[in-house]
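Trainee: After the sequence you'll find the predicted model.
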Amino acid sequence: MYFLLKFFIQTLYFSEVASVKCFLNNLYGQNLTCEGDFCVIVRPGMFAMGMIQTCISGAQNPSYPCSLHYDDELECYCDTNFCNTPKLYRSNITVLPIIECKEVTGRDYTAAACNNCVRIKSYQIFDGEPTENEYIQCGRNGESSIFIFDPILSPKEMIAKSFFSDACYNVSMHPDHFYLYCRCKQANCNSPESDLPYPISPPTVTCHVSGFDEDVNRKNYKNRTSTYYQELTTNDSYFDKGKQCRGHYCFIGIDQAYIGEAPKTSSVHYKGCVSANEQGDYKIQMGYMFLNDFPYYFCNTDFCNSDIKTALRESKRNLSMPMHSSELRENVEKTQFHKHVKEISVLQYELDHG
């Protein structure tokens, strides 16, 4: 009976659904490929920096083939192998509604028109000095649609804002760091005179952190080489000892970076927590996701982000939660600067050791 039950559960939750192969081109690499649940091509608008071709894993394909944004950016989706070519621009287009948002620039407080309103609050201690910022603005640089495609962000900022519209996310990768990011599409929903458009509930899990300690505590690394901390984070089991954060999910995010004079990129593992209030159709999924050209591993038990294997195992413990085919991918192969390129599927999950 046990083996029949085990077979049923594996078939129901962990059977692999075929992924698609996509072209992957952006500011950091050309003529590459990736594998995901669907492919994307983005024609740049007035704020963008060139055509983007990529894939997404861990989210459903939008119901419309293309969306046109207020800045003339065109974003198209498809789900067959290498379908994300400029020919896709000739598909049926959905024009996203334009709304009024607040914008604050210096002492100027104005109204602006765009597809998504954005509100950001961030805090970090950098080399002993606290820095706190708030930004009230229209969505731009790939922030107009459901997904974000913003290739000009720094990796640390990109990791904190790669998620979905109609939501607020509070991301932390150090006790002295947080990045609160909201996107909404109701008129003036980002007003600094109001509460957050989607208030976030108290945290539920405690998570490991890595990636920020050198910035916060420079004095602790002054007798080390300039690449010492970054080299530590190339090990997926590294985390900052004695430091932690709390949220709704723990995560591991992987960046590709040149370390020192190395001729090739290395995988740098950022670890932290995310708290979310997601009111749209798209939400963070347990396990593996690939968003904004970054691979993520999400789980929701205490300290489950110690390494990728543990994060994947813990993400599958709660079998009552919907599982996505992309969560079964592991052993990531990276060949691109600041970007993840290709993932290899893992089709077998050992419940006996889970």
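Mentor: Yep, that arrived.
Trainee: Show me the helices in the stretch 101-250 of the chain, by range?
Mentor: Per DSSP state H, counting those that start in this stretch, the stretch 101-250 of the chain carries helices over the ranges 155-160, 213-216, 228-232.
Trainee: What lies in contact with the last one?
Mentor: Applying C-beta atoms under 8 Å, 6 or more residues apart in numbering, the set of residues contacting helix 228-232 from outside is 210, 213-214, 221, 238, 257, 259, 266, 268. All C-beta atoms are positioned from the backbone trio N, CA, C, and that covers glycine.
Trainee: Flag every buried residue along stretch 273-287.
Mentor: Buried residues in stretch 273-287, counted by 16 or more other C-beta atoms under 10 Å: 273-278, 282, 284-287.
Trainee: for this protein, what's the longest strand?
Mentor: Secondary structure of the chain read by DSSP state E shows that its longest strand is strand 265-278.
Trainee: before we move on, back to that, would you reformat the helices of the stretch 101-250 of the chain as JSON lines and include mean pLDDT?
Mentor: Formatted as JSON lines, the helices of the stretch 101-250 of the chain follow (pLDDT from 0 to 100):
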{"stretch": "helix 155-160", "mean pLDDT": "81"}
{"stretch": "helix 213-216", "mean pLDDT": "91"}
{"stretch": "helix 228-232", "mean pLDDT": "94"}
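Trainee: Which one of those helices lies nearest to P202?
Mentor: helix 155-160 (19.6 Å; C-beta to C-beta).
Trainee: Let me see the ranges of the strands in the stretch 201-350 of the chain.
Mentor: Counting by DSSP state E, counting those that start in this stretch, the stretch 201-350 of the chain has strands at residues 205-208, 244-247, 249-258, 265-278, 287-291, 294-299, 329-333, 342-345.
Trainee: Can you tell me which of those strands is nearest to I125?
Mentor: Here strand 244-247 is closest among the strands of the stretch 201-350 of the chain (C-beta to C-beta), at 13.9 Å.
Trainee: Which elements pack onto the closest one?
Mentor: Counting contacts by 3 or more C-beta pairs under 8 Å, 6 or more residues apart in numbering; DSSP states H and E, strand 244-247 is packed against strand 167-174, strand 205-208, strand 265-278.
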